[in-house]
Every structure is written in structure tokens, then in C-alpha cells.
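This is a predicted model, with the sequence first.
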Amino acid sequence: MRNIRNFIFLKDVFILAITSFGGAQAHFAIILDRMVKLRAYLTEEELIELHALCNLLPGPTSTQTITAIGFKRGGPPLAYLTLLVWILPAVTVMTAAAILINSLQVKELSLHFTRFIQPMAIAFVAYSAVLIWGKVVKSRTSIFLAIGSAVISYFISSPYLFPVLLLAGGVISSTKYKRHEKEERQKINIVWANFFLWGGVLIFAALLGAATKYQAITLPIRLFENFYRNGSLIFGGGQVLVPFLYTEFVEFKRYLSSEEFLSGYALVQAIPGPTFSFSAFIGALTLREWGTSGEIMGAVIASIGVFLPGTFLIFFVSRFWDQLKKYRPVKASLEGINAASAGMVVAAAFLLYQPLEQNLLNILVIIITFLVLQFSKMPRPIIILIGFALGFVFKGQ
């Protein structure tokens, strides 16, 4: 019976993996619909708390959220299977795209058929922002923190700002802990294994990468170290990962051309699943000189490297999170953390719009998609398929 329940859960994760467009902010609404409203794997409050907790940690937020749900249901074995099922479709597509781009010398490959997908993704983020705001911004304090977080996130673009804003919001709201009833508390038992595992792999990979810096045969080792380090230090989701990767792999190491990088980035915006799967694309092209097998190996190494740190960290924290949040200051801090997170999602919608071509068509696509999400029950995959269809019809215009 338990195996059947786990199979159904993994099937739901797979459905999310092939239908979750729009990045971490948009993923929240989709996870809420399926994991809470449809299946009741956890409560809405638990999901909001879990999402806020994952925002506090480095790594891919939506991936950590879904993996943590798997951890709560079946421990590490189910969690690792959850991670694999969630990332596999997007990683496979991005690996295939890298192989195709390399074989066709894809600087000439046109992705113009995705022209409607990017404004649609912004609409998904805006819809998610409205949804989260309505659920967590309910008091004067939370309104103040959400607006402040949105303004600061918009004007100061730094990945290290995200945890600072979340912690600041939590500290401010924790001062109102007396509003919460006392709960029976237990001694917090912290299991440090996953924390030491995360730190140990980081240090070992860094030392090994430095020791083999000038040996071509050990490029896969350095590739793993590069992505593991990025996955350990980046806060704020896939959009934040991109400038780091561009600086390291295009400008500094020149493993990819700017055209190849931008082609891959455009594609990852148009497929479902985690934006961090872009790492598979870069990893594959980094080892292109090793042939197709090298490209596949590079994609696997990069994917493991970028997704593993966040997984270790969420395993570490989630083990004692239920005990920790029984403390009234900690429980009160969640209001501020959630409010600051809501503000960041609002800012993300505006920030993602900025690089988009400023024209009436894109604005209309955003508005129409948002209205469809708000006032209809049209499935998201259908919306995206319509976007692709329109892109192919008007790709030459």
C-alpha cells in the first residue's frame, strides 16, 4: 500500500515536471494546486512555510520545495527519487538541445517560435505574485515588509540580498511573538550529517579542482566543482544563476560563445521544470570535444553538481524545522519571512519584464495570459501549447 502511495506521489511529481512553466515563483501556484488542493499531501500553511524556508537556503527553491515534500512523506529514499523525477525531463531536453546546437553549429538556430512564451512566463510570475500576496499579506506589518521587500529587490539586484531581506523580515515580525499561543516544546535535536556532507563535498571538490587545474583530462572534476560551488552560494532561483554562469563559463573560461549561451537560456525559458536545468546545457557544451558521450557526461555532472547542495541543505534543516517553529519567536518570524518573499515575487515580475522587448504585443500577451489564469480553468500546458502554436504561425513576422 505504501509503495502504491509513493508511486502516485512520484507520478504527481512527474506531471509537475512536465507542466510547471515560469520559474520558481510560478511553480509555487502549480505546486499548491496539485500537492495541496488536489492531493492534500500537506496543508496550505505547511507549503507556505516550506516555501519560505527554501527561500532562506541557497539553491533552486522549487526543487528544494518539492524534494522536501518527498522527504516529509518517505524520508531520504523517496526524496532522492522525487529529485530525480522532477529534474529529469528538463535536464533531458536541455542536454538534447546542447547536442543539437553543437552538431548544427547553432549560432544560426532560430528560437523565434518561443516569442510568445517569455511574456507568458512573466504572466505566470505575476499571477503567482497576486496569489501569494493574497494569502500571506494580511496585517500592517506584513504589508510594510512586503512593499519594502518589493522596492528593495527591484532597485538592488544582488543574489545575496534575498536572504538578508528574508532574515530582516523574520526578525521584525518575531518581535510580535506574544500574539501566538504557547506550545509544548521539545528539545531540538539537530542531526549534522547532511550539513557536514554538504560542506565536506564543497571543500573536497574545491581542493581537487585546484590541484588538477591545468590538466585537460580532469575537466569533469573542475566542472563538478564549478556547479557545486554555484549551487551552494546562489540565492533567489534560476534567474539569479544565469549571470553567474555567463560570467564564469562565457566571459572567463570561454567554454561557450555568447550566442550559444543566449540560445540555451531562451530555450530553458520555454520548457517546464527547474530553470537550474540550464546547467545541463552548459555542462554538455563544455565537454563537447569529448564527443556525444562527453556531452551527456557533462550534462549529468553539471546537473548533479548544481542540484546536490540545495538537497543536502534542505535535508539538514527540514529534520528539525517542525520542532524549531514551535518556539513563538520563530513562529512569529514566519509572517515576516512570507511577506518579504511575497514582495520578492512582485519585484521578480517587473525585473523579468525589463529584458523583454518593449512593445504592445508582449504587453497584450502578458495581460491576456494573466486574465486567462485568473478567470478561467484552462490548464497551463494548453496555454503554453497555444503560445508555441502562435509562435510557429507568426515566426517569420
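Okay, I see it. These numbers come from a predicted model, not from an experiment.

Cross-check the contact I'm expecting between residue 88 and residue 18.
No - the pair residue 88 / residue 18 is not scored as a contact, 10.0 Å apart, by C-beta atoms under 8 Å. (C-beta placed from N, C-alpha, C; glycine too.)

By mean pLDDT, flag the weakest helix or strand of this structure.
For the chain, using mean pLDDT, DSSP states H and E, the weakest element among its helices and strands is helix 238-245, scoring a mean of 66.

Check which helices and strands the helix or strand that that helix is followed by sits against.
Toward the C-terminus, helix 238-245 is succeeded by helix 258-269 as the next helix or strand (DSSP states H and E). Counting contacts by 3 or more C-beta pairs under 8 Å, 6 or more residues apart in numbering; DSSP states H and E, the secondary-structure elements packed against helix 258-269 are helix 61-103, helix 117-136, helix 238-245, helix 278-286.

Once you drop chain neighbours, what's closest to the residue positioned nearest the centre of the chain?
Here the mean C-alpha position of the chain is nearest to the C-alpha of residue 60 (C-alpha atoms, centre = their mean), at a distance of 3.7 Å. Of all residues beyond its chain neighbours, the one nearest residue 60 is residue 276 (4.3 Å), with distances taken as C-beta to C-beta, 6 or more residues apart in numbering.

Pull the number of nearby residues for that neighbour.
31 (other C-beta atoms under 10 Å).

Then residue 189?
Close neighbours of residue 189, defined as other C-beta under 10 Å, add up to 8.

which residues touch the nearest residue to it once chain neighbours are set aside?
Closest residue in space to residue 189, ignoring its immediate chain neighbours: residue 320 at 6.4 Å, by C-beta to C-beta, 6+ apart. Counting by C-beta atoms under 8 Å, 6 or more residues apart in numbering, residue 320 touches 188-191.

Just the element for residue 320, please.
Short version: residue 320 belongs to helix 291-324, going by DSSP H and E.

Following the chain past that helix, name the next helix or strand.
Sequence order places helix 328-353 as the next helix or strand after helix 291-324, per DSSP H and E.

related to what we said a few turns ago, distance of the residue nearest to the centre of the chain from residue 178?
36 Å (C-beta to C-beta, to the nearest Å).

Then residue 72?
Taking C-beta to C-beta as the measure, residue 72 and residue 178 are separated by 30 Å.

the more surrounded of these two?
Counted by other C-beta under 10 Å, residue 72 and residue 178 do not tie: residue 72 has more neighbours, with 17 against 10.

what pLDDT does that one get?
The score at residue 72 is 87. That number is its pLDDT.
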